[in-house]
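Novice: give me a model of this one.
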Amino acid sequence: MKVAHIITGLGVGGAEQQLRLMLRHLPARCDVFTLTEPGSVARGILADGHRVTHLGMTGNLDMTVMPLLVHLLKGGRYDLVHTHLYRACLYGRLAARLAGIRAVVATEHSLGDDTIEGRPLNAGVRAMYLASERLGSATVAVSDTVAQRLRRWGVPASRVHTVPNGIDARRFRFDPEVRAATRRRLGVPDEAFVVGGVGRLVPGKHFETLVRAVAVLPDARLLLAGDGPEREALQGIAAALGALDRIHLLGECDGTATPGGEPAQAIPDLLAAMDVFVSPSSEETFGLAVLEALASGLPALHVTCPAIDDLPSDEAPGAVRIGTGVPELTALLCRYRDAGPRRLPVPPVVERYDIARSAERLMAVYRAATGAPQLPAPAPAAATPVPAPASLTVTSR
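Specialist: Presented below is the predicted three-dimensional model:
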């Protein structure tokens, strides 16, 4: 089966990273088309051996990308088109139909109760979404929570399929030597109490709560991986509270080499350096960062995490649901600091969301969309290396 994946951009983000990981485990030939921003995840996908084409879209209403995308889809002779993120779903579904490709699957990564991809929902966005959805064959939700939202929006239940995000737990296995080396590299003392967080620095993630809670704890450090428009505001809060030297805003971190050749800090290494993980976001569609922290043996404090919130507590004993207030979080962090550093056993929930299982479920959706027989097709345990293309393709119009 040959699949074209269309995504809005390939900078560091949850949906983008999940696409890269899924490509490693799908037993299908896959090419990737990004409308905008061929960032570090694009370089990672190239390194994994997949073709990446940047379409050079200049804005939300840049319709000149449509004939180019139709042309590329026709020429690629794809069996199925898979779209990711709102803008790519709107353009990709229509382009696939114009190219004569009837099997079109979309993954809904970021639909909240009141937002989509961090932007406020309104009647126009909903109408455009539902009109576009009818052009596809199926819509994949990354959690049961997102599936319920899609059905409430008006997407027919028969078209909604839950394929949870997946995790490659082996990457996050705790290594005390990595912990020590990462702390040395970041200038963090071995004995320091280190709190961590991962995510885009946007208002909906509420990292200001985490910065304030750590800032009032003497000698505590914060490792915050991610970038975004709230970075300057978070630095301002840390400076105002006299904790700028203890608040480490690390920027984009995914381990992919930069254009200059220097490797970025990898998330598994950062998790190894932490003592407790905090996700203060009040609206998540899955909560992959929490799972990654649990896979590293960390206690994971979270406001919401659909991946585990509805499961029995013994599935994720290291996960602790918290409120949104700074005083509560500060008091909890004090308890973990006073208890001293320790690593927890990896909980059963991590195995539940193994990436190979998610790849198998996605392939079942692909077979249904294309009319292929529903035969067992176990995903490989690891990606099979293939020669990488020399460079990313930038297609001109």
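Novice: pLDDT of the lengthiest helix in the chain, averaged?
Specialist: Criterion DSSP state H: the longest helix present in the chain is helix 355-370. Here helix 355-370 scores 96 as its mean pLDDT.
Novice: for the stretch 1-150 of the chain, give me the ranges with low pLDDT.
Specialist: Counting by pLDDT under 70, the stretch 1-150 of the chain has low-confidence residues at 118.
Novice: so Gly11, which state does it fall into?
Specialist: Secondary structure, DSSP: H, G, I helix; E, B strand; the rest coil: Gly11 is coil.
Novice: from Val276, how far out is Tyr73?
Specialist: Heads up, residue 73 is Leu, not Tyr. 46 Å (C-beta to C-beta, to the nearest Å). Every residue, glycine included, has its C-beta placed from N, CA and C.
Novice: likewise Phe174?
Specialist: 14 Å.
Novice: compare those two and say which is more crowded by neighbours.
Specialist: The residue with more neighbours, out of Phe174 and Val276, is Val276; 23 against 16, by other C-beta atoms under 10 Å.
Novice: okay, and the beta partners of the more buried one?
Specialist: Under DSSP bridges, the beta-bridge partners of Val276 are Val195.
Novice: that one and Gly197 touch, don't they?
Specialist: No. When contacts are counted by C-beta atoms under 8 Å, Val276 is not listed as touching Gly197 (10.1 Å).
Novice: low pLDDT regions in the stretch 251-397 of the chain?
Specialist: For the stretch 251-397 of the chain (pLDDT under 70), the answer is 254-264, 374-397.
Novice: mind running it again at 50?
Specialist: 256-263, 377-391 (pLDDT under 50).
Novice: all helices for the stretch 1-150 of the chain, in order.
Specialist: 14-25, 40-47, 65-76, 86-98, 123-133, 144-153 (DSSP state H, counting those that start in this stretch).
Novice: then the stretch 151-300 of the chain?
Specialist: With DSSP H, counting those that start in this stretch as the criterion, the stretch 151-300 of the chain has helices spanning 176-186, 207-215, 231-240, 267-273, 288-295.
Novice: closest to Ser137 out of those?
Specialist: Ranking those by their distance to Ser137 (criterion: C-beta to C-beta) puts helix 288-295 first, at 25.5 Å.
Novice: tell me the buried residues in the closest one?
Specialist: Neighbour-count burial for helix 288-295 flags Leu288, Ala289, Val290, Leu291, Glu292, Ala293, Leu294, Ala295 (criterion: 16 or more other C-beta atoms under 10 Å).
Novice: could you report the pLDDT at the nearest residue to the fifth one once chain neighbours are set aside?
Specialist: If the residues on either side of it in the chain are set aside, Glu292 comes closest to Phe172, at 5.4 Å by C-beta to C-beta, 6 or more residues apart in numbering. On the pLDDT scale, Phe172 is placed at 95.
Novice: for Leu294, see how far away Phe172 is.
Specialist: For Phe172 relative to Leu294 (C-beta to C-beta), the value is 9 Å.
Novice: what's the domain layout of this protein?
Specialist: 2-166+354-394, 169-351 (automatic domain parsing).
Novice: report the distance from the first one to the chain centre.
Specialist: Read that as domain 2-166+354-394. 13 Å (C-alpha atoms, centre = their mean, to the nearest Å).
Novice: again with the last one
Specialist: On the basis of C-alpha atoms, centre = their mean, domain 169-351 sits 15 Å off its chain's mean C-alpha point.
Novice: quick one: end-to-end distance for that domain.
Specialist: This stretch, domain 169-351, spans 8 Å end to end (C-alpha to C-alpha, to the nearest Å).
Novice: I'd like the buried residues of helix 288-295 as JSON lines, with distance to Arg93 appended.
Specialist: Shown next, in JSON lines, are these (distance: C-beta to C-beta, whole Å):
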{"residue": "Leu288", "distance to Arg93": "25"}
{"residue": "Ala289", "distance to Arg93": "29"}
{"residue": "Val290", "distance to Arg93": "31"}
{"residue": "Leu291", "distance to Arg93": "29"}
{"residue": "Glu292", "distance to Arg93": "31"}
{"residue": "Ala293", "distance to Arg93": "35"}
{"residue": "Leu294", "distance to Arg93": "35"}
{"residue": "Ala295", "distance to Arg93": "34"}
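Novice: do I have it right that Met128 meets Leu90?
Specialist: Yes. If you go by C-beta under 8 Å, Met128 and Leu90 touch, sitting 6.3 Å apart.
Novice: more neighbours: these two, which one.
Specialist: Set Met128 next to Leu90 and count neighbours by other C-beta under 10 Å: Leu90 wins out with 20 against 13.
Novice: list the contacts of the closest residue in space to the more buried one that isn't next to it in sequence.
Specialist: What sits nearest to Leu90 in space, not counting adjacent residues and going by C-beta to C-beta, 6+ apart, is Ser132, at 4.9 Å. Ser132 makes contacts with Cys89, Leu90, Arg93, Leu94, as judged by C-beta atoms under 8 Å, 6 or more residues apart in numbering.
Novice: 7 Å instead, please
Specialist: Contact partners of Ser132, counting by C-beta atoms under 7 Å, 6 or more residues apart in numbering, are Cys89, Leu90, Arg93.
Novice: and if you look at Leu249?
Specialist: Leu224, Arg231, Leu234, Gln235.
Novice: and the second one, what pLDDT?
Specialist: Translated: Arg231. Model confidence at Arg231, given as pLDDT, is 95.
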